[in-house]
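Student: return atomic coordinates for the entry below.
(one chain, ligands or ions: 1)
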Amino acid sequence: MKPIIGVTAQMQENLYDYQLQPVYISAILQEGGIPIVLPIVPPEEVEEVLDLVDGIVMTGGWDIDPNYYGEEPLPETGMLNFEMDEFDSTVVKQVIARDMPFFGTCRGMQMLNVVTGGTLYQSVLDQMDHPIKHKQDHGRKFPVHHVELVGGKILQPLFENGRTRVNSSHNQGVKTVGDGVTVAAKAPDGLVEAIELEDKRFILGTQWHPENFAVNGHEPSREIIAEFIRAAVEYRDTRG
Ligand SMILES: [Mn+2]
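Tutor: The predicted structure follows:
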């Protein structure tokens with residue numbers, strides 16, 4: 001049986017509108033998982049929702065409320081959604097407690113960092129000294145900047161020369177990392193681009209979107225998702 005992968009969606013202004021880029025679904029299907037899109041439910045219902053799945057893909061989306069890491073919002077902070085922040089942060093907490101496989105991209109990676117006690121740049125462009133371009137104007141199918149693979153157990157073995165070129169579509173970024181968090185990749189301007197919880201089965205966040213490369217046959221990106229799916233199978237088989 002294929003593993004069931006819960007995929008978070010973005011809630012729009014209207015409570016009844018969800019948005020999800022189909023590429024997440026395609027990439028999970030391609031590597032042998034069965035994706036299901038998760039509704040945003042109150043924190044007390046998250047546990048039962050997680051009982052239904054073998055892994056979580058936390059997708060990109062709105063900025064995270066800076067109150068989560070003890071800051072007042074700067075004018076540069078973008079759109080916030082309080083129900084999503086509450087749901088996503090609860091999911092991350094419980095995923096870590098269960099040691100359930102987790103792959104977060106963009107906002108999903110930032111949420112992993114914030115939940116573990118890290119902080120964010122509310123605006124990479126305005127708060128970093130000499131940032132490179134992190135909000136590309138072209139499609140995510142094409143890269144914009146390099147990253148160096150600097151640590152962790154998941155990503156580094158997949159990129160032989162220790163370096164790759166990634167897409168980039170973010171306003172916020174990791175400023176300080178959380179507890180137990182390993183920095184797995186860095187951009188040339190020093191910005192953290194991937195994090196892992198090394199003592200867990202598979203908990204990975206990438207600031208970029210490997211799913212867009214994976215569906216176009218980029219082997220290391222495909223392998224990131226394939227390894228996540230394998231971890232979900234293992235999790236399912238060992239939780240009894
Ligand atoms: Mn970037």
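Student: report the contact partners of T119.
Tutor: Counting by C-beta atoms under 8 Å, 6 or more residues apart in numbering, T119 makes contact with 69-71, 113, 174-176. Glycine gets a C-beta too; all of them are placed from N, C-alpha and C.
Student: out of the residues you listed, list just those in helices.
Tutor: Using DSSP state H, N113 are the members of the contacts of T119 that sit in helices.
Student: next, find the distance separating I4 from the ion.
Tutor: For I4, the distance to the ion equals 30 Å [C-beta to the ion, to the nearest Å].
Student: what does E234 give?
Tutor: Look at E234 and the ion: by C-beta to the ion, they are 30 Å apart.
Student: hang on, the earlier thing: are any of the contacts of T119 buried, and which?
Tutor: Buried members of those, counted by 16 or more other C-beta atoms under 10 Å: 69, 113, 174-175.
Student: counting neighbours, what do you get for the residue in the chain positioned nearest to the ion?
Tutor: Using C-beta to the ion, the closest approach of the chain to the ion is made by S168 at 3.2 Å. Per other C-beta atoms under 10 Å, the neighbour tally for S168 reads 24.
Student: can you check the one 4 residues further on too?
Tutor: By the measure other C-beta under 10 Å, the count of residues near Q172 is 24.
Student: pretty sure it contacts Q122?
Tutor: Yes - with contact defined as C-beta atoms under 8 Å, Q172 reaches Q122; the gap is 6.0 Å.
Student: okay, the residue of the chain closest to the ion and M79: tell me how far apart.
Tutor: Here the criterion is C-beta to C-beta, to the nearest Å. By it, S168 lies 19 Å from M79.
Student: list the contacts of R163.
Tutor: Contact analysis of R163 by C-beta under 8 Å, 6+ apart lists 146-149.
Student: tell me the buried residues within the residues you listed.
Tutor: 147-149.
Student: among those, which are in helices?
Tutor: Those of the buried ones among the contacts of R163 lying in helices (DSSP H): none at all.
Student: pLDDT value on D17, please?
Tutor: Note on D17: pLDDT of 87.
Student: name the nearest residue to it, ignoring sequence neighbours.
Tutor: Excluding the flanking residues, the one nearest D17 by C-beta to C-beta, 6 or more residues apart in numbering is M11, at 7.3 Å.
Student: elements contacting the helix or strand hosting F103?
Tutor: If you go by DSSP states H and E, F103 is part of strand 102-105. In terms of contacts (3 or more C-beta pairs under 8 Å, 6 or more residues apart in numbering; DSSP states H and E), strand 102-105 is packed against strand 55-58, helix 82-98, helix 107-115, strand 203-206, helix 219-239.
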